[in-house]
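Novice: Model the following, please.
(one chain, ligands or ions: 1)
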Amino acid sequence: MRVIDDSRSLRETLNPLRHRGQRIALVPTMGNLHEGHLALVAEAHKHASFVVCSIFVNPMQFGPSEDLDAYPRTLEQDIARLEAAGCHALFTPGVAEMYPLGHQQHTVVSVPALSEGYCGASRPGHFDGVATVVCKLFNLVQPDTAVFGLKDYQQFLVIQRMTADLCLPIALVGVPTRREASGLAMSSRNGYLTAEEKERATALIHNLRTAADSLQAGATPAEVEARATQQLEEAGLRPDYFKVCHAQTLAPATAQDENLVILAAAWMGRTRLIDNLVLQRTRS
Ligand code: PAF
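Specialist: You can find the predicted model right below:
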């Protein structure tokens, strides 16, 4: 696997492949790779003969009081995992390569509406940072396909919208969330949790599953949201939001909506966790 940290070398590596008609897939990440990321690489192999992974802890998507400095950086281990997964190239730009004038001076790609609620409301500017860096990575790599995890469901919709609005000729693939045996969604931030917190954090997926069953049984979104919020608090989490939404627009679900996603975020101690469950409401 070639490890490349500058845009020029990246282009010099990829241009000849593209001209020979090889298909390229990109897996953008912030590193500290776990099984969930490796599933994205495995998916990328299905769509292209050359797989590029990027690792860049993007300062533009972190708020001033968030965990940018503490975010786990495990490059040697990540390289070993990507090599074992058959990744062909790893792009690891530094901040100066991506934001030569600093990210505050940088052009911003902003996706309205979809970026505004849920994680966007709790993390102002977060999705502008995500859309901007992903747009840059798309322009640098010019992949045929890009693969993302669906744990970040709202992020996936934002990137889909940005790709369509900016007419980028890239097929997006979303890969279902990988989970621990306990049901906890795999996340680079799980490493912040103690064993006891990890156990308590499973309340997030348990409540998502219970909420989905209750919706199928005829409960209203307001009922399941209130119950889940209370149960998350009883389990020792601090809910940020727990919301039943239309799966494509993320508008609060109406009684007529059949394609739903339940989006959830909660704090376990000092760690903010997100998860979601997509469901097709069946009518009796
Ligand atoms: O999901 C992530 O790891 C990041 O938000 C992404 C898409 C790599 C952009 O920095």
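
Novice: Going by residue numbers, what spans are strands in the stretch 1-150 of the chain?
Specialist: 2-4, 24-29, 50-55, 89-91, 145-149 (DSSP state E, counting those that start in this stretch).

Novice: Dump the third one to PDB, keeping only the CA atoms.
Specialist: Written as PDB, here are the backbone C-alpha positions of strand 50-55 (Å, rounded to 0.1, in the frame of the first residue of the first chain):
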ATOM      1  CA  PHE A  50      -8.100   0.500  -6.800                       C
ATOM      2  CA  VAL A  51      -9.100   1.400  -3.300                       C
ATOM      3  CA  VAL A  52      -7.900   4.600  -1.600                       C
ATOM      4  CA  CYS A  53      -8.500   5.200   2.100                       C
ATOM      5  CA  SER A  54      -8.000   8.700   3.600                       C
ATOM      6  CA  ILE A  55      -7.200   9.500   7.200                       C
END
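
Novice: and the strands of the stretch 1-150 of the chain as a markdown table, adding mean neighbour count and mean pLDDT?
Specialist: In short, each C-beta sits where N, CA and C put it, glycine included. Compiled in a markdown table, the strands of the stretch 1-150 of the chain are given as follows (neighbours: other C-beta atoms under 10 Å; pLDDT from 0 to 100):
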| stretch | mean neighbour count | mean pLDDT |
| --- | --- | --- |
| strand 2-4 | 15 | 98 |
| strand 24-29 | 26 | 99 |
| strand 50-55 | 26 | 98 |
| strand 89-91 | 23 | 98 |
| strand 145-149 | 24 | 99 |
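
Novice: Okay, now the unreliable bits of the chain?
Specialist: 283-284 (pLDDT under 70).

Novice: Which among the strands of the stretch 1-150 of the chain is found nearest to the ligand?
Specialist: strand 24-29 (3.9 Å; C-beta to the nearest ligand atom).

Novice: count of residues packed around residue 164?
Specialist: If you count neighbours by other C-beta atoms under 10 Å, residue 164 ends up with 11.

Novice: what's the distance between it and residue 170?
Specialist: Between residue 164 and residue 170 the computed distance is 10 Å (C-beta to C-beta, to the nearest Å).

Novice: now residue 63
Specialist: 28 Å.

Novice: Neighbour count for these two, which is higher?
Specialist: Legend: neighbour count by other C-beta under 10 Å for residue 63 and residue 170, higher for residue 170 (18 against 13).

Novice: Could you pull out the helices in the stretch 1-150 of the chain for me?
Specialist: 7-19, 35-47, 75-84, 95-98, 119-122, 126-141 (DSSP state H, counting those that start in this stretch).
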